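Trainee: Structure of the sequence below:
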Amino acid sequence: MKPEYLEIPLVKNEEKNQFEITIDGHKAFILYKEKPYATALIHTETEPELEGKGAGTAVIEKTLAYIEEHNSKIIPLCPFVFAYIKRHPEWKRIVDEHFKGFDE
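Mentor: Numbers count the residues shown, from 1 in each chain. Okay, the predicted model is just below:
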């Protein structure tokens with residue numbers, strides 16, 4: 001994550017079912033759905049003003065850390081989150097054991 005994003009807080013917006021960060025008034029977010037056994041990460045998006053600036057990666061890293069801190073697991077349905085975990089396999093430690101997408 002870019003150093004300028006380290007101090008930006010992650011917000012769990014339960015009304016919108018998204019984890020989000022706000023940078024210069026613009027949002028990057030991940031839509032989620034909580035299951036009893038894990039949190040499905042469905043879609044990552046950044047507002048156009050943040051595209052290509054690392055905000056998507058920052059919201060993924062902050063979301064993964066949040067979920068791990070809360071002793072939960074994830075189901076990485078979002079292609080961007082899935083690709084991030086493939087590049088950073090140490091995060092497989094929080095992927096729900098029923099998710100078989102990395103085995104293929």
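
Trainee: What's the separation between residue 98 and residue 78?
Mentor: 17 Å (C-beta to C-beta, to the nearest Å). Quick note: C-beta positions are derived from backbone N, CA and C, even for glycine.

Trainee: do residue 96 as well
Mentor: 14 Å.

Trainee: circling back to that earlier point, which of residue 98 and residue 78 has more neighbours?
Mentor: residue 78 (20 against 9; other C-beta atoms under 10 Å).

Trainee: Would you agree the more buried one is in contact with residue 39?
Mentor: No - here residue 78 lies out of contact with residue 39, judged by C-beta atoms under 8 Å, at a distance of 11.4 Å.

Trainee: which stretches of the chain have low pLDDT?
Mentor: Low-confidence segments of the chain (pLDDT under 70): 104.

Trainee: Mind telling me which residue is nearest the centre of it?
Mentor: residue 60 (3.1 Å; C-alpha atoms, centre = their mean).

Trainee: Now do the same contact list for it.
Mentor: 30, 44, 80, 81, 84 (C-beta atoms under 8 Å, 6 or more residues apart in numbering).

Trainee: ok, now residue 20?
Mentor: Residue 20 touches 10, 11, 13, 27, 28, 29, 30, 59, counting by C-beta under 8 Å, 6+ apart.
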